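Novice: Fold the following, please.
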Amino acid sequence: MKNSPLWRVVAPLIVILFAGWRVVAQQSSVSLPMVASAQVPLYPPVARLANVEGVVHLKVTTDGHHVVSTQVEDGHRLLAALAEENVRTWQFSLHEPTTFTVTYVYKLVTKWEGDPNNPAVILRFPTNVEVSTRRWPGTVDMPGKVK
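Specialist: All right, here's what the predicted structure looks like:
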């Protein structure tokens with residue numbers, strides 16, 4: 001069998017597949033970097049006034065200490081611009097350069113205690129950021145309902 005024409009074609013394919021599998025396994029074993037410093041994300045005032053909330057996904061690439069590139073995968077442009085601006089302020093503890101996705105969640109809340117100019121921010125570095133603030137008074141939450 002080892003000298004058959006079929007084996008000569010199949011054997012190199014098996015080697016290529018195995019090598020590719022090892023590369024994928026090695027890439028998934030890279031741990032996420034630890035954020036050492038970052039600016040606090042805020043709720044964009046224009047988005048709040050326009051009653052815009054939602055989720056933004058950013059693909060972030062690091063050089064081992066700083067963010068070197070970002071790519072918006074999805075999300076409202078008002079929110080995405082601010083999320084991108086914020087993630088570019090992040091600095092990391094020394095790590096192997098990597099690429100990962102960060103999810104920003106922007107929420108407008110009807111029942112809010114506190115100053116709406118100071119949002120509630122939950123940071124689950126480096127993959128999740130949640131920013132909540134009070135819904136603008138008098139804006140429509142659902143058709144026919146004014147909050």
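Novice: pretty sure residue 129 is touching residue 86, no?
Specialist: Yes - using C-beta atoms under 8 Å as the test, residue 129 is close enough to residue 86 to be in contact (7.5 Å). The way it works is simple: take the backbone N, C-alpha and C, and place the C-beta from them, glycine included.
Novice: can you list residues touching both of those two?
Specialist: 41, 104 (C-beta atoms under 8 Å, 6 or more residues apart in numbering).
Novice: ok, the two, which is more surrounded?
Specialist: Applying other C-beta atoms under 10 Å to residue 129 and residue 86 shows that residue 129 carries more neighbours, namely 23 against 19.
Novice: contact partners of stretch 45-53?
Specialist: Applying C-beta under 8 Å, 6+ apart, the set of residues contacting stretch 45-53 from outside is 44, 76, 78-79, 82, 106-108, 116, 133, 135-136, 139-140.
Novice: same thing but at 6 Å, please
Specialist: Applying C-beta atoms under 6 Å, 6 or more residues apart in numbering, the set of residues contacting stretch 45-53 from outside is 76, 78-79, 106-108, 136, 139.
Novice: Give me the subset of those residues lying in strands.
Specialist: Per DSSP state E, strands hold the following members of the contacts of stretch 45-53: 106-108.
Novice: From those residues, list the buried ones, please.
Specialist: Buried residues within the ones in strands among the contacts of stretch 45-53, counting neighbours by 16 or more other C-beta atoms under 10 Å: 106, 108.
Novice: With that, I have no additional questions.
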